[in-house]
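S.K.: have a look; sequence and predicted model below, questions after that.
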Amino acid sequence: MQQDRDIIHIESLYKSFGDFRVLDGLDLTLEKDRVNIIIGRSGGGKSVLIKHIIGLLKPDRGRILVRGEDIVPMDEGAMARVRRDFGMLFQEAALFDSLNVHENVAFPLHEHTSKSYSEIDEVVQAKLAAVGLQGMDKKMPAELSGGMRKRVGLARALALEPKIVLFDEPTSGLDPVMAAAINELIQRTRQEFGATCIVISHDIDATMKIADNIFMLYEGKIIARGSPEELNENTDPVVRQFIRGEARGPIKVN
């Protein structure tokens with residue numbers, strides 16, 4: 001059944017800040033065990049949508065079902081339980097500058113589990129190995145390149161074995177080689193760790209290479225969805241302009 005494959009289901013989601021409507025009756029269904037990529041213009045509401053999915057923002061109206069549970073009416077205690085199913089790689093990795101690599105990856109394990117220090121160390125070393133950072137556990141964030149910091153962030157995001165991993169512009173600011181390495185890690189996150197991946201991106205080339213499903217957010221709604229092949233064949237002028245990266249078209253450059 002399709003319902004059994006849906007890990008997140010959003011119905012008629014509205015959110016405004018003052019007079020500015022960011023989400024305008026948005027509908028979205030994300031399948032589990034897939035790399036789901038949400039594309040759209042910078043400042044177009046992608047990060048606001050993600051904040052709703054993890055309960056950091058409440059909508060003006062609408063429903064958000066995470067693994068069948070509507071999180072909109074949940075209090076913070078119930079929401080904390082739901083968030084245990086999520087890992088997140090922030091745009092700039094968001095590492096703690098005063099903690100070394102090991103301490104950064106171990107942080108959620110200390111906060112949310114009763115594991116012993118030796119058990120935590122075992123998990124940390126395994127996650128660092130998974131992202132190709134063996135032997136880097138004593139390094140400080142300031143000693144790492146941008147790509148290495150993002151890999152540490154991914155190791156931390158995977159520490160609690162989440163069912164869903166969110167990636168916020170994971171290749172932003174990286175050179176093409178490192179961006180390709182991060183994209184490979186996103187695919188491995190699904191294949192080897194069994195996590196559903198939700199990626200915010202405006203990197204069209206990478207999106208087309210790694211996505212199972214692509215969703216385009218524009219003016220508060222999902223205006224297109226499908227496989228990379230289906231998005232490439234989409235005839236909507238807005239979708240075509242964005243996918244092709246053209247200056248001329250219905251999307252106006254401010």
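M.R.: Arrived safely. Numbering: from 1, shown residues only.
S.K.: now the biggest helix by length in the chain: average pLDDT?
M.R.: As assigned by DSSP state H, the longest helix anywhere in the chain is helix 176-193. Predicted confidence along helix 176-193 averages 87 (mean pLDDT).
S.K.: C-terminal to it, what's the next element?
M.R.: For helix 176-193, the following helix or strand on the C-terminal side (DSSP states H and E) is strand 196-201.
S.K.: any idea how far stretch 191-202 is from the middle of the chain?
M.R.: In terms of C-alpha atoms, centre = their mean, to the nearest Å, the centre of stretch 191-202 is found 7 Å from the chain centre.
S.K.: measure that stretch end to end?
M.R.: This stretch, stretch 191-202, spans 23 Å end to end (C-alpha to C-alpha, to the nearest Å).
S.K.: picking up where we left off before, pull the residues that contact the longest helix of the chain.
M.R.: Identification of contacts with helix 176-193 by C-beta atoms under 8 Å, 6 or more residues apart in numbering yields 33-35, 130-132, 145-147, 150-151, 154, 158, 161, 165, 167, 170-171, 174, 195-197, 199, 203, 206, 209-210. Placement of C-beta: from N, CA and C, glycine included.
S.K.: let's see which of those end up in helices.
M.R.: When the contacts of helix 176-193 are checked against helices (DSSP H), the matches are Ala130, Gly146, Gly147, Lys150, Arg151, Leu154, Leu158, Ala206, Lys209, Ile210.
S.K.: out of those, which are buried?
M.R.: Buried residues within those, defined by neighbour count using 16 or more other C-beta atoms under 10 Å: Ala130, Gly147, Lys150, Arg151, Leu154, Leu158, Ala206, Ile210.
S.K.: quick one: least confident of these?
M.R.: pLDDT across those is lowest for Ala206, at 82.
S.K.: just to revisit the earlier point, would you turn the buried ones among the ones in helices among the contacts of helix 176-193 into TSV with distance to Lys252?
M.R.: Converted to TSV, these look like this (distance: C-beta to C-beta, whole Å):
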residue	distance to Lys252
Ala130	43
Gly147	34
Lys150	32
Arg151	37
Leu154	36
Leu158	40
Ala206	25
Ile210	29
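S.K.: for Gly245, state which of the residues you listed is nearest.
M.R.: For those, the minimum distance to Gly245 (C-beta to C-beta) is 13.1 Å, reached by Ala206.
S.K.: and the helices in the protein?
M.R.: For the chain, the helices defined by DSSP H cover 2-5, 46-53, 76-83, 101-112, 117-130, 146-158, 176-193, 204-210, 228-232, 237-244.
S.K.: point out the most buried one among those helices.
M.R.: Counting by mean count of other C-beta atoms under 10 Å, helix 146-158 has the highest mean neighbour count of the helices of the chain, with a mean of 24.
S.K.: just checking, what packs against that helix?
M.R.: Counting contacts by 3 or more C-beta pairs under 8 Å, 6 or more residues apart in numbering; DSSP states H and E, helix 146-158 packs against strand 86-89, helix 101-112, helix 117-130, strand 164-168, helix 176-193.
S.K.: got the angle for it vs helix 117-130?
M.R.: With axes from the mean of the first three to the mean of the last three C-alpha atoms, to 10 degrees applied, the angle from helix 146-158 to helix 117-130 works out at 130 degrees.
S.K.: from the chain's centroid, how far away is helix 146-158?
M.R.: Using C-alpha atoms, centre = their mean, we find the averaged C-alpha position of helix 146-158 to lie 13 Å away from the chain's own average C-alpha position.
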